[in-house]
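K.L.:
Kindly generate the corresponding structure for this input.
(one chain, ligands or ions: 1)
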Amino acid sequence: MTSQELTEQIFKKKSFLCVGLDTDPDRIPTYLLSEEDPVFSFNKAIIDATHEFCVAYKPNIAFYEAVGIDGWKALKKTIDYLHTEYPEIYTIADAKRGDIGNTSRMYAKAFFNDLGFDSVTVAPYMGKDSVEPFLEFTNKHTILLALTSNEGAFDFQTLETDGEELYRKVMKTSKNWKNAKNLMYVVGATKAEFLGEIRKLIPESFLLVPGVGAQGGSLEEVCKYGMTKNVGLLVNSSRKIIYASDSSNFAEIAGAKAEALQKQMAQELEKL
Ligand SMILES: O=C(O)c1cc(=O)[nH]c(=O)n1[C@@H]1O[C@H](COP(=O)(O)O)[C@@H](O)[C@H]1O
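P.N.:
Numbers count the residues shown, from 1 in each chain. Reported below is the predicted structural model:
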């Protein structure tokens, strides 16, 4: 999906919500555990209940890898289900990959070709030749970690080198890489106060903003400092939506949580 198509979906649905599918078998309602594929059954129910309120889903690959082959099967079924039933939905593989070029190319193939995701999260630490193989894919996005939502973001990302913070250098330098138009960036919702300055560096780029909900980030602040005239934001919430309830109506409650966020987003979009 192109950025333009994603933006059209955002205006159509009045939502820039991404629902995080961080599906932990230990946290899903116990009655689902007797199903053939509990993780897929959970995801399917969450997707059916939330899809009208969001524009994207972001399975975090760790949750699938953690349960081995069954996890990969559930992930594949989930992405196939999205492609078949809701092809207008944007998909993010939250894998945080990046390696020497020859290896990155394989990661890119896995997530873009084999699984057919629209985008993948990538760590910039190994530099240009570790990221460019991802950027070669047409109509696919590489979402580069810039300023993450966790406390450890201050360990390295905000350290100054040559008078400039590292995360700013990542954004500035990556703009000159081949096919840089395929880049998006991660900025945590807990770091909303940085967004004003970040927008001066990357005025147009889409930002994936996780950290609203369980990590305490404010949607209002994110919009105030980070929204562009084309929106330019995908705001993710995972646990606060998908684990809002563990009873038999968990999906309905997740739908209500997603709808509440969508309503707030619609209000923010009206300000444009
Ligand atoms: O790349 C990410 O999505 C990500 C980056 C970041 O800075 N912080 C962050 O929380 N995430 C991911 O976003 C999701 C947040 O989940 P919740 O805190 O449950 O909403 C998890 O899958 C995290 O791995």
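
K.L.:
The helix-or-strand element of the chain with minimal mean pLDDT pairs with which strands?
P.N.:
Between all helices and strands in the chain, the lowest mean by mean pLDDT, DSSP states H and E belongs to strand 160-161, at a mean of 94. Partner strands for strand 160-161, per DSSP bridges, with pairing direction: strand 164-165 (antiparallel).

K.L.:
Need the contact partners of the partner strand.
P.N.:
With contacts defined as CB atoms under 8 Å, 6 or more residues apart in numbering, strand 164-165 is touched by 157-159, 172. For every residue, glycine as well, the C-beta is placed using N, CA and C.

K.L.:
Among those, name the buried ones.
P.N.:
Gln157 (16 or more other CB atoms under 10 Å).

K.L.:
As JSON lines, the contacts of strand 164-165 with pLDDT would be great.
P.N.:
Below are the contacts of strand 164-165 laid out as JSON lines (pLDDT from 0 to 100):
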{"residue": "Gln157", "pLDDT": "98"}
{"residue": "Thr158", "pLDDT": "98"}
{"residue": "Leu159", "pLDDT": "98"}
{"residue": "Lys172", "pLDDT": "97"}
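
K.L.:
Show me the longest helix that occurs in the protein.
P.N.:
As assigned by DSSP state H, the longest helix anywhere in the chain is helix 250-270.

K.L.:
quick one: that one near the ligand?
P.N.:
No - using CB under 6 Å from any ligand atom, helix 250-270 stays clear of the ligand, with a minimum separation of 11.1 Å.

K.L.:
ok now that helix, how far from the chain's centre?
P.N.:
Here the centre of helix 250-270 is set off from its chain's centre by 17 Å, with CA atoms, centre = their mean, to the nearest Å.

K.L.:
Next, the buried residues of it.
P.N.:
Judged by neighbour count (16+ other CB under 10 Å), helix 250-270 contains these buried residues: 250-251, 253-259, 261-262, 264-265, 268-269.

K.L.:
Can you tell me which of those residues is nearest Ala153?
P.N.:
Leu261 (23.4 Å; CB to CB).

K.L.:
okay, that closest one: pLDDT?
P.N.:
Listed pLDDT for Leu261 reads 98.

K.L.:
Pull the contacting residues for it.
P.N.:
Residues near Leu261 by CB under 8 Å, 6+ apart: 15, 17, 53, 212, 219, 235, 237, 241.

K.L.:
distance of it from the ligand?
P.N.:
As judged by CB to the nearest ligand atom, to the nearest Å, Leu261 and the ligand stand 11 Å apart.
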